[in-house]
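**Student:** how would this look folded up:
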Amino acid sequence: MTVKVSVGGHLSIRGGYAKAAEVAYRLGAGAFQYFPKNPRSLTVKSFDKRDAERCRELSCKYDLLSVAHTPYPSNLAATPGDAGGQFERTVASLRNDLEIAEACGSVGIVVHFGTYKERNPLQGYQNIIQCINEVLNGWQGSAKLLIENQAGDHGDMGMTLEELVQIRKLCTSPEQIGFCLDTCHAFAAGMWTGEADKDFASKAEKLGYWDGLAAVHLNDSKYPVHSRKDRHARVGQGYIGEQGFLKLLEMKDIRRQPLILESETGEDGTYREDIERVKRWVEA
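**Tutor:** Numbers count the residues shown, from 1 in each chain. The predicted model follows:
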């Protein structure tokens, strides 16, 4: 049976959530990603519920999958009670993002694994588990919290499949937690090494990673494998290259997720060209 592939890009919500869904449809996309609020602030947003409901309706009408990307200051590994209150602000912000994603009918909210700069990394992992548990405490929606793997440019955490799977297992509500695979980050970290990789798919299967995968950031890399640099390139135009993505897209567990482009747009200012490129790869 042919797997329907849903590919699209990260879109602005300047005109509202529903407008983003309209734009995705006009681009020929089957998916899109958006920031639920200001990407540089953890301030809780009072959002337009009618606009969000319209986004949900349009996504159903056009058969679109959407994903919300949480603000950049979100840090799952922040320490509870620290000066500045980043842990507490992250919890409140992520819960707000979940509510917006649920109203928009989105798959979930993507949040980076987290960074912890102190000496004991175990405390960082414990902070992540506590943060996720507090965010999901009492959550009844279908939108999931999606942990994104990291490139290694801000430390060693979040670079392996083992960490991602284990964090999910140790949380109180693993069924409400999923993964977002960023291909550039995975390549930069050496989690997945591109065209020549022979272990990623079987390792993901053995660990149970596929059971939680709910979204893919389909980004090429401006730097070679193991670079630990988070610099996205347009698909097929970086070090992963067309052959690397062709191998990746052979994996049915990848193809069935919303595939989100987060790089520069084409000459027309949209992701249309890259969306069509990915569609051709899938059909090849």
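**Student:** tell me which strands and helices the helix or strand hosting Leu259 is in contact with?
**Tutor:** Assigned by DSSP states H and E, Leu259 belongs to strand 258-261. Strand 258-261 sits against strand 6-9, strand 31-34, strand 65-69, strand 213-217, helix 272-283, with contacts defined as 3 or more CB pairs under 8 Å, 6 or more residues apart in numbering; DSSP states H and E. Glycine gets a C-beta too; all of them are placed from N, C-alpha and C.
**Student:** average pLDDT across the next helix or strand after the fourth one?
**Tutor:** Beyond strand 213-217 in the direction of the C-terminus, DSSP H and E gives the next helix or strand as strand 220-221. Rounded to a whole number, the mean pLDDT of strand 220-221 is 98.
**Student:** touching the helix or strand following strand 220-221 from outside, list them.
**Tutor:** Sequence order places strand 232-233 as the next helix or strand after strand 220-221, per DSSP H and E. The contact list for strand 232-233 (CB atoms under 8 Å, 6 or more residues apart in numbering) reads 184, 219-222, 238-240, 262-264.
**Student:** go with 6 Å
**Tutor:** With CB atoms under 6 Å, 6 or more residues apart in numbering as the test, strand 232-233 has contacts from 184, 219-222, 262-263.
**Student:** and for stretch 177-185?
**Tutor:** With contact meaning CB under 6 Å, 6+ apart, stretch 177-185 is reached by 108, 110, 144-151, 164, 168, 171, 212-219, 221, 232.
**Student:** flag every buried residue along it.
**Tutor:** Going by neighbour count (16 or more other CB atoms under 10 Å), the buried part of stretch 177-185 is 177-185.
**Student:** quick one: low-confidence ranges for the stretch 1-150 of the chain?
**Tutor:** Per-residue confidence for the stretch 1-150 of the chain (pLDDT under 70) gives these ranges: 1-3.
**Student:** what do you get if the cut-off is 50, keeping everything else the same?
**Tutor:** Scanning the stretch 1-150 of the chain with the threshold set as pLDDT under 50 gives 1.
**Student:** quick one, helices of it?
**Tutor:** 17-26, 49-62, 86-104, 121-136 (DSSP state H, counting those that start in this stretch).
**Student:** mind listing what's buried along the first one?
**Tutor:** When you say that, I think you mean helix 17-26. 17-25.
**Student:** from those residues, which is closest to Ala52?
**Tutor:** Proximity of these to Ala52 (CB to CB) peaks at Tyr17, which lies at 5.3 Å.
**Student:** how near is that closest one to Leu58?
**Tutor:** 9 Å (CB to CB, to the nearest Å).
**Student:** over to Tyr209?
**Tutor:** 32 Å.
**Student:** any idea how far Gly114 is from Gly85?
**Tutor:** From Gly85 across to Gly114, the span is 16 Å (CB to CB).
**Student:** who has more neighbours, the two?
**Tutor:** Gly114 (25 against 14; other CB atoms under 10 Å).
**Student:** check contacts around that one.
**Tutor:** Gly114 sits in contact with 75-77, 128, where contact means CB under 6 Å, 6+ apart.
**Student:** neighbour-wise, which one of the residues you listed leads?
**Tutor:** Leu76 leads the contacts of Gly114 on contacts (other CB under 10 Å) with 29 neighbours.
**Student:** Ile128 is in contact with that one, correct?
**Tutor:** Yes: taking contacts as CB atoms under 6 Å, Leu76 lies within contact range of Ile128: 4.3 Å.
**Student:** would you say Phe179 is within a strand?
**Tutor:** Yes: assessed with DSSP: H, G, I helix; E, B strand; the rest coil, Phe179 lies in a strand.
**Student:** now Arg168: which helix or strand?
**Tutor:** Assigned by DSSP H and E, Arg168 falls in helix 161-170.
**Student:** buried ones in that helix, by neighbour count?
**Tutor:** Buried, per 16+ other CB under 10 Å, within helix 161-170: 161, 163-165, 167-168.
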